[in-house]
Structure formats: C-alpha cells, structure tokens
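# This is a predicted model, with the sequence first.
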Amino acid sequence: MNDRNSHRSALGLLRPQRVARRRLPANFQQNDLSLFRHDLEREIPPAELLELRDVRISPDGFLFRGGRVLPESFAFPANFEQWKARSVAKFFVSNYLLRRSRKVASPALWIVDDWSGGYFHWLADALTRLYTIREMARSMTLLLPAQYASFGFVRPSLAPFQVRDVQFIEPDETLCCERLVVPMHTAPSGHYDEEILGGVRRLLVEAYAGATADGDEGARVYVSRARATKRRIANEKEVVGVVREFGFRVVNAEEHTFEQQVEIAARARLLVSNHGAGLTNMLFMRDGGRVLELRHQTDSVNNCYFTMAAALGLEYFYQTCPSDDPSEDPHTADLRVDARRLAENLRLMLTP
C-alpha cells in the first residue's frame, strides 16, 4: 500500500461508474450552446466506501494525520492544492498544541468536505453520501464540524435518516478517531447519481410534505434573493411585478424553516429564481415540474441547476442576464433581468 494512503482502506463499492445524459433546455437558443454543450453527457466515477484509521478532525472539518491534511477533506483535488499553497504552520500549531484532544473510540461517520456548509452542497453533496449508507448510519455516530450546529437546515434534514447520534465538534477541541467511515462522493459536485438524488428527495418530501406532495395544487413560486449578499436581481421590484402578474407567490427563504421550504417546493409546479440556494429547493418538486433559472450571460461553468433538473425529471428553462458590472465574477455579480423576455419565458413555462 502507498504510504500516503496507509490511513485508508476500501470497505466496498457504493455505486459503479456510470454516465449521466441531459437534454438541452426546454427553451434552448442555439447561440447559447456553449453554456450547456460540455454538460450534456458526463461520466460519473465510481463511489467507494472508505475507512480511515487513526485520523484527527479539526473543528472546521479538516481531516489530518501525522502532520498531513488528508485529501478526503476536500470537494475537489484543486481545492486541496490551493489549501496546501497556504501557510499550514498555524493550522497544525492550533490543532496539535492549542486545542484539547478528544478520543472517539467507536467507529464514527463522516460525510462532509470543505464545501458542504452551503445549503446546496449540504443537500446535493453531503446528504447523497449519507443516503448510500443510510441503514448503517442508524447504528453510528455522525460527526460534523462545529459551525454546522448553527445551520438551521442541518438537523431537520438529517432527522428522516434516523442517524443514531449526531455530534458537533466543539470549537476548542480536536477529535482523534480510531476508525472513521467515509462514504465518498456519489458524483462530482454539480453532477448527480439520479437514483441517489431521487432517494434523498423521497425521504425529505415524505417527512415534511407527504400529503401535500400527492396533491395537484399547481403552485407557482418565485424565490427572491433580495436579502442575499451576492447574486441578487438589480431590478428586483420590476421582476416581482412580472412574476406576480403570472400568479407567482414571492418567497423569501429566510422567512421559512427548512420544513416549510420543503412543503412550499413540494406544492410547486413552477419554480423561478436566479442562480443560488433558492433553486436548490427544486429537489422537493415532483416529476414533471418546471424550473426557470435566471443566470449570468457569460457563466458556462455553473450548470448545477441545469443538471439537477435533469436528474430529478424536471423541465429546465433559463434566461441569460447581464450584470451592471461586466468586470465582476459571474458567481457573485448581481443580474439585470429583461422584464419582457421574462414574461415570454413565463408564458412558455405555462404552455401545456
């Protein structure tokens, strides 16, 4: 065994290699082919179940052993390389000398990486990992970084999995784990195993919107990012006026619990929002629902909602939008929405 991998062993294969295929958006325009072409077909690597031995965990969620941070801490290899380029001396001084150590003797479970603290990544990346070993998890302790205790969506989204015990690492401690069971990613972030993502949907919808999801209310929902710190709509008032004309309910996610957000999305047949966490709630919609993403006109990288809609059996619509500041990164820039085009796209969404 390679010395650099001496901390890990494979317990089994969770999912074999497979291929995800997606159709072009329902309102596709030929001059936008470059936005979607590279994600129409994607090879999904096999997913393994690993056991890590004698590893430490920092309160911010980094796995390390023998003075080395482990690659299993990261969503992508590039994230690992960027982290290694930083000064790591302070990290090891803090975790070896300045924090108390707590030993975890019994096998524990780990499902997160350096991106999992966001709403999208928690639901789409972390919970899909948990789903693959949901039966095993009912007799295990799930460990999570300290900050996850403050996220309002973590505990209710975990409840349907019936994990035996959930422990949050304290800010002043480092855990020493004899055995850490780690289901690896079921797909690269932004891509999905359809069966597993559908399984997560069923668990959460049955728990928080079971009766509602069976109905046919046909609700129309616009999720506003007006209270977000980035990727807002510059002409939000104009956009709200348009969607209300088409019978959409305007929802600010910050005003609702996780359970309420599941129920709202489960009732929706049409969901509209700009690129951001609100669109993640398409996870709770029923097959055949329709979603419209307002997206930056130059962003050909962030297709996670296009691919999620395909994996969930939803019809995907989109509208490209400019930013008032062309020099700003598309992932943070506010968008300006053409209200006339928005009305046209909403009419298309409403067409049987």
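Nice, I can see it. Residues are numbered from 1 along each chain as shown.
# okay, and the helix or strand of the chain with the least pLDDT?
Between all helices and strands in the chain, the lowest mean by mean pLDDT, DSSP states H and E belongs to helix 89-93, at a mean of 81.
# Give me the next element, helix or strand, following that one.
Using DSSP states H and E, the helix or strand that follows helix 89-93 in sequence is strand 100-104.
# got the contact list for the next helix or strand after that next one?
Using DSSP H and E, the helix or strand that follows strand 100-104 towards the C-terminus is strand 108-109. The contact list for strand 108-109 (CB atoms under 8 Å, 6 or more residues apart in numbering) reads 130, 133, 136-137, 140-143, 163, 167, 177, 179-182. Quick note: C-beta positions are derived from backbone N, CA and C, even for glycine.
# Okay, strands next: where are they in the stretch 201-350 of the chain?
According to DSSP state E, counting those that start in this stretch, the stretch 201-350 of the chain carries its strands in the segments 219-224, 249-252, 268-274, 290-296, 315-321.
# Looking at these, spot the one closest to L203.
The minimum distance between L203 and the strands of the stretch 201-350 of the chain falls on strand 268-274, with 18.8 Å, by CB to CB.
# What angle do strand 315-321 and that closest one make with each other?
Computed with axes from the mean of the first three to the mean of the last three CA atoms, to 10 degrees, the direction of strand 268-274 lies at 20 degrees from that of strand 315-321.
# Buried residues in stretch 250-260, which are they?
251, 253, 258-259 (16 or more other CB atoms under 10 Å).
# try stretch 31-40
Residues of stretch 31-40 classed as buried: 32, 35-36, 39-40 (neighbour count, 16+ other CB under 10 Å).
# and it, how far from the chain's centre?
Stretch 31-40 has its C-alpha centroid displaced from the chain centroid by 22 Å (CA atoms, centre = their mean, to the nearest Å).
# okay, how far is it across it, tip to tip?
End-to-end distance for stretch 31-40, by CA to CA, to the nearest Å: 16 Å.
# now stretch 18-32
Stretch 18-32 has its terminal residues 27 Å apart, counting by CA to CA.
# Ok, stretch 265-278 next?
10 Å.
# dump the residue contacts of T307.
Residues counted as contacts of T307 (CB under 8 Å, 6+ apart) are 20, 22, 39, 42, 190-192.
# mind redoing it with 10 Å?
Listed by CB atoms under 10 Å, 6 or more residues apart in numbering, the contact set of T307 reads 20, 22, 36, 39-40, 42, 124, 187, 190-192, 316.
# again, but for E255
Applying CB under 10 Å, 6+ apart to E255 gives the contacts 227, 261.
# circling back: tell me the one of the buried residues of stretch 31-40 nearest F246?
The closest of those to F246 turns out to be D32 (CB to CB; 23.0 Å).
# Any chance of the backbone angles for that closest one?
Note on D32: backbone dihedrals following degrees, to the nearest 10 are phi -100, psi 10.
# That one against Y318, yeah?
Yes. D32 is within contact range of Y318, at 7.8 Å (criterion: CB atoms under 10 Å).
# joint contacts of these two?
Counting by CB under 10 Å, 6+ apart, the residues touching both D32 and Y318 are 25, 295.
# isn't L143 right next to V112, touching?
Yes. Between L143 and V112 a contact is recorded at 8.9 Å, counting by CB under 10 Å.
# Point out the other elements, helices or strands, that whichever strand or helix holds R179 touches.
In this assignment (DSSP H and E), R179 forms part of strand 173-183. Under the contact definition 3 or more CB pairs under 10 Å, 6 or more residues apart in numbering; DSSP states H and E, strand 173-183 sits against strand 8-15, strand 47-57, strand 63-65, strand 100-104, strand 108-109, helix 127-132, helix 134-137, strand 141-144.
# Check what pLDDT T212 gets.
pLDDT recorded at T212 is 59.
# Check G215 too.
On the pLDDT scale, G215 is placed at 46.
# quick one: which of the strands of the stretch 201-350 of the chain is nearest G67?
Minimum separation from G67 across the strands of the stretch 201-350 of the chain (CB to CB) falls at strand 290-296, 41.4 Å.
# List the pairing partners of the closest one within its sheet, with orientation.
Using DSSP bridges, strand 290-296 pairs in its sheet with strand 268-274 (parallel), strand 315-321 (parallel).
# And it, how far out from the chain middle?
Averaging C-alpha positions (CA atoms, centre = their mean) puts strand 290-296 17 Å from its chain's average.
# so what's L175 bridging to?
Applying DSSP bridges, one finds that L175 bridges with I57, R102.
# err, E293, not the other one
For E293, the beta-bridge partners under DSSP bridges are S273, Y318.
# wait, it sits on V272?
Yes. The pair E293 / V272 is scored as a contact, 8.2 Å apart, by CB under 10 Å.
# Common neighbours of the two, please.
By CB under 10 Å, 6+ apart, E293 and V272 have these common neighbours: 279, 317, 319.
# I'd like these written out as TSV, with distance to E173 and pLDDT added.
Output for the shared contacts of E293 and V272, formatted as TSV (distance: CB to CB, whole Å; pLDDT from 0 to 100):
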residue	distance to E173	pLDDT
L279	36	96
F317	48	98
Q319	48	98
